[in-house]
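1. Sharing a sequence plus its predicted fold:
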Amino acid sequence: MAFTSASNVLLKNIPYQFKDVSLLDNRAYIGGKWLPAESGATFPVFDPEDNVVIFRVVNLTDVEVHKAIDAAQTAFLTYKEFSHRKRRQLLHQWITVVKENRDDLAAICTLELGKPITESYVTVDYGLSFLEWFEGEIERLYGETIPAARENNRIFTTREPQGVVAAITPWNSPIAMILRKVGAAIAAGCTVVLKPAPETPMCAIAIAKLFERVGYPAGTLNIVTGDAASSPSIGNELCRNKLVRHLSFTGSTAVGKFLNGECGKSLKKTSMELGGNAPFIVFEDADIQKAVDGLISSKFRSSGQTCVCANRVFVHRSIMSEFAEKLNATQQKTFVYGSVWDPKVNFGPLYSSRGLEKVQKHLEDALANGATVFDKTSNTENQGPNFFPPTILLDCNAETMRFGSEETFGPLAPLVPFDSEEEVLRLANTYESGLASYFYTENISRLWRVAEALDTGMVGVRVGLVSACEQPFGGVKESGIGREGSKFGVEDYTDVKSITVGI
Ligand SMILES: NC(=O)c1ccc[n+]([C@@H]2O[C@H](COP(=O)([O-])OP(=O)(O)OC[C@H]3O[C@@H](n4cnc5c(N)ncnc54)[C@H](O)[C@@H]3O)[C@@H](O)[C@H]2O)c1
Ligand SMILES: O=CCCC(=O)O
């Protein structure tokens with residue numbers, strides 16, 4: 001077993017040898033410099049596999065965040081003058097260094113998030129796919145010519161970068177969430193102050209270490225780290241500072257609503273990628289094994305910790321027993337447990353005891369209200385303090401049980417019987433959230449009817465995975481504002497300027 005030599009930053013022995021230990025830094029990155037907190041404060045980052053402290057990272061206040069915003073504004077004045085071709089070349093170089101350091105990035109993700117190493121590679125590659133997509137988009141940020149009503153006028157539009165973007169990201173899928181947001185803003189010609197989640201700051205720092213190698217103006221990307229207690233004061237500065245033109249947030253609906261309200265005071269543009277509570281519907285005419293396979297990837301990906309994971313599983317009453325049997329058999333065949341560093345392992349612990357408590361509460365609530373566990377998996381003992389096995393619940397009710405109105409964010413699959421299309425659409429559409437939904441049918445008319453009726457930003461029809469760099473990602477209702485990825489993801493960080501010329 002090899003041990004890393006980055007012992008000055010990494011506080012625990014791990015079974016991985018970093019190829020480039022300089023990616024492990026615990027300082028903030030402001031105006032092109034790596035800095036400690038002025039107060040000297042740091043906060044701990046834990047390994048979810050055993051709750052041991054792995055890093056201590058600098059804990060900033062609003063004072064340093066203010067400086068980071070100033071640095072981003074200074075950089076913007078230089079960066080916005082770069083041609084689109086030059087911006088594309090820089091992004092291409094960033095992609096190259098991220099690719100070259102894929103192993104170390106995946107290892108940091110596994111360390112901080114407890115993600116099995118194989119899944120961490122998937123999230124790094126998913127993040128890279130966004131950078132590659134945005135690189136292609138940079139030189140396609142076209143304007144328009146508009147026929148003018150006045151004979152002696154000509155009207156053109158251009159897409160202008162907005163300026164300083166404040167980005168706040170969550171712990172789940174840290175590499176991809178950062179690259180999807182920061183990559184788009186930088187492709188559009190903006191500069192960024194990023195506040196990563198306190199649980200996963202080292203992924204953000206490593207990404208910035210690679211960014212630094214590329215030759216962007218100092219201050220184009222700044223990383224401001226802070227723990228849960230300092231997040232509100234950091235957020236306050238990001239929302240109130242007038243130099244910030246756009247706040248791009250991914251996280252819970254509660255925090256998103258608060259930040260959106262704060263940004264409203266200075267009418268900042270916001271992008272809000274918030275919580276989901278995805279319905280997953282299996283109609284009586286579905287291919288049952290296909291639906292089972294889709295649910296396995298939608299529900300149990302990242303141990304159930306993505307915003308687009310199925311949360312409420314509606315199965316037509318006539319096929320419930322067959323579906324449950326097949327789901328249980330398939331999940332037992334699919335998942336391998338053990339050390340997150342073992343490439344064969346594909347199901348890991350939850351990110352923290354906070355995550356575990358929430359899933360346990362949803363399970364207890366469902367059981368107290370009449371649900372039953374289908375067949376508790378028996379081979380998941382001794383997997384660490386934050387481990388929760390894939391669990392299938394029968395006899396569930398989405399209107400009376402907690403999972404019906406709150407995201408579980410864990411591997412609990414509550415199966416809810418339904419009798420008609422009308423009933424299931426009413427149940428699927430009642431909740432305030434509207435991020436993703438999924439359904440399985442082999443009936444072509446129902447396919448179009450239900451896809452159009454589901455009130456969500458994304459619909460998966462006979463697929464359990466919708467996420468892709470080219471697909472507009474985002475929600476309606478309380479799941480958010482705006483779209484990430486796709487051509488809309490870059491456009492979101494530009495303003496349309498119209499230029500009227502008299503001739
Ligand atoms: N729609 C999407 O694209 C998407 C993607 C991933 C996660 N999510 C959602 O994120 C949630 C899980 O992430 P979480 O638990 O980290 O969410 P969270 O809202 O608690 O935290 C998200 C980020 O906001 C920061 N934060 C919290 N309070 C703040 C404040 N007052 N000011 C500034 N920053 C503050 C946190 O430190 C973290 O960086 C889930 O609801 C999930 O659905 C949504
Ligand atoms: O958790 C949210 C994002 C995951 C994804 O992009 O598929």
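-> All right, it came through fine. Ligands and ions are numbered 1, 2, ... in the order given.
2. show me where the stretch 401-503 of the chain has helices.
-> 421-430, 444-453, 486-491 (DSSP state H, counting those that start in this stretch).
3. quick one: contacts of stretch 77-90?
-> Residues outside stretch 77-90 that contact it (CB atoms under 8 Å, 6 or more residues apart in numbering) are 135, 138-139, 141, 160-161, 186-187, 189, 191, 214-217, 220. C-beta coordinates here come from the backbone N, C-alpha and C atoms, glycine included.
4. Note down every partner strand of the particular helix or strand that has V165 in it and its orientation.
-> V165 belongs to strand 164-168 when assigned by DSSP states H and E. If you go by DSSP bridges, strand 164-168 pairs up with strand 191-195 (parallel), strand 244-250 (parallel).
5. ok, N369 - contacts?
-> Contacts for N369 were tallied using CB under 8 Å, 6+ apart; they are 397, 400-401.
6. For the helix or strand where W34 lies, what is the distance to the chain centroid?
-> Assigned by DSSP H and E, W34 belongs to strand 33-35. On the basis of CA atoms, centre = their mean, to the nearest Å, strand 33-35 sits 26 Å off its chain's mean C-alpha point.
7. Stretch 99-110 now?
-> Between the centre of stretch 99-110 and the centre of its chain there are 17 Å (CA atoms, centre = their mean).
8. who wins for neighbours among the contacts of N369?
-> M401 (22 neighbours; other CB atoms under 10 Å).
9. contacting residues around the residue nearest to it when sequence neighbours are not counted?
-> Leaving aside its sequence neighbours, M401 sits nearest to A366 (CB to CB, 6 or more residues apart in numbering; 4.9 Å). Residues near A366 by CB under 8 Å, 6+ apart: 393, 396, 401-403, 412, 414.
10. do that again at 6 Å, thanks
-> 393, 396, 401, 414 (CB atoms under 6 Å, 6 or more residues apart in numbering).
11. a markdown table please, covering those residues and showing distance to I14.
-> Shown next, in a markdown table, are those (distance: CB to CB, whole Å):
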| residue | distance to I14 |
| --- | --- |
| L393 | 35 |
| C396 | 39 |
| M401 | 39 |
| P414 | 36 |
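12. would you turn these into CSV with pLDDT and distance to ligand 2?
-> CSV is the format used below for those (pLDDT from 0 to 100; distance: CB to the nearest ligand atom, whole Å):
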residue, pLDDT, distance to ligand 2
L393, 98, 22
C396, 98, 23
M401, 98, 23
P414, 98, 19
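13. wait, what's in contact with P472?
-> Applying CB under 6 Å, 6+ apart to P472 gives the contacts 483, 486, 488.
14. could you redo the last one with a cut-off of 7 Å?
-> P472 makes contacts with 483, 485-486, 488, as judged by CB atoms under 7 Å, 6 or more residues apart in numbering.
15. just curious, which of those residues is nearest to ligand 2?
-> Nearest to ligand 2 among the contacts of P472 is G485, at 8.0 Å by CB to the nearest ligand atom.
16. Report the separation between the closest one and Y126.
-> Distance, G485 to Y126, using CB to CB, to the nearest Å: 10 Å.
17. between those two, which one's more packed in?
-> The neighbour count for G485 versus Y126, taken as other CB under 10 Å, is higher for G485 (25 against 19).
18. so the more buried one touches G474, yeah?
-> No - the pair G485 and G474 fails to qualify as a contact (CB atoms under 7 Å) at a distance of 8.7 Å.
19. what sits against the closest residue to L427 other than its chain neighbours?
-> Excluding its sequence neighbours, the residue lying closest to L427 (CB to CB, 6+ apart) is A398, at 5.5 Å. Shown in contact with A398 (CB under 7 Å, 6+ apart): 312, 404, 416, 427.
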